[in-house]
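>>> no FASTA, just this:
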């Protein structure tokens, strides 16, 4: 499948979910086009400047008039709410975990008053950044997400889990324990038990290898949150696309590698 085919397939799935979204009069792009661009950025990873050069050079004819880079970034920020339409429904059994993302090399700590990330260890090395928590259903689709700075404990994600108290039992590792109590629908799983939890580890591995999501370069909170919103939407869209193109595949199979940019 060529890159152009991937973009067209993604756009078709996004447009189907955003039928009711209206075009903003000040731009030539429709919301489904903007969300498609945001998904492509989340999939390709790296700096937005490099992404914009690639998009404008190779695929500008696919969109109804690309604005300049800064305007497109603002459009991605202001249209991130459309990503909520691409989130999945919770299942009876869901899984959650956190994923650390580096924003800054540790030696650069404190050079800016607007620094977003905080310092903590990630797999044995110091890092400055955030961590994002995903709640995924049985089929691996993202149901909800939340982020905090890297120095915060996983118990800060309890409100996200509690929001699905009536809909789902959520499995997590012991990092989500709290001396003050946990949500009623959260089940803490010791190491070696409930291997269903491994689905989210597989998902995070895909984000690292395919989307280069382990490091981001955003400096302002609204743009970081937009990137995280498009990343969650991206995974759901690509997973749906995989099963659409491979109808005989196991419904629990997770694969987005063939859509790598």
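All right, it came through fine. What you are looking at is a predicted structure, and each value in this text was computed from that prediction instead of being measured. Numbers count the residues shown, from 1 in each chain.

>>> how is this protein carved up into domains?
1-86+220-261, 93-219 (automatic domain parsing).

>>> kindly reformat those domains as a markdown table and extend each row with mean pLDDT.
Converted to a markdown table, those look like this (pLDDT from 0 to 100):
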| stretch | mean pLDDT |
| --- | --- |
| domain 1-86+220-261 | 95 |
| domain 93-219 | 93 |
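
>>> with mean neighbour count as extra columns, can I get those domains in a markdown table?
Every residue, glycine included, has its C-beta placed from N, CA and C. Compiled in a markdown table, those are given as follows (neighbours: other Cβ atoms under 10 Å):
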| stretch | mean neighbour count |
| --- | --- |
| domain 1-86+220-261 | 17 |
| domain 93-219 | 17 |
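
>>> helices of the protein, residue ranges please.
Secondary structure of the chain (DSSP state H): helices at 3-17, 31-44, 48-59, 69-78, 158-162, 198-209, 221-245.

>>> show residues contacting the fifth one.
Think helix 158-162. Residues outside helix 158-162 that contact it (Cβ atoms under 8 Å, 6 or more residues apart in numbering): 96, 133, 135, 144-146, 170, 172, 176, 178, 182-186.

>>> which of those lies closest to residue 11?
residue 145 (22.8 Å; Cβ to Cβ).

>>> OK, contacts around that closest one?
132, 133, 134, 135, 160, 228, 229, 232.

>>> roughly how far apart are residue 192 and residue 254?
As defined by Cβ to Cβ, to the nearest Å, residue 192 lies at a distance of 22 Å from residue 254.

>>> kindly apply the preceding question to residue 1 instead.
Distance from residue 1 to residue 254, by Cβ to Cβ: 18 Å.

>>> likewise for residue 235?
Taken as Cβ to Cβ, the span from residue 235 to residue 254 is 9 Å.

>>> shared neighbours of those two, anything?
With Cβ under 8 Å, 6+ apart, residue 235 and residue 254 have common neighbours 203, 206.
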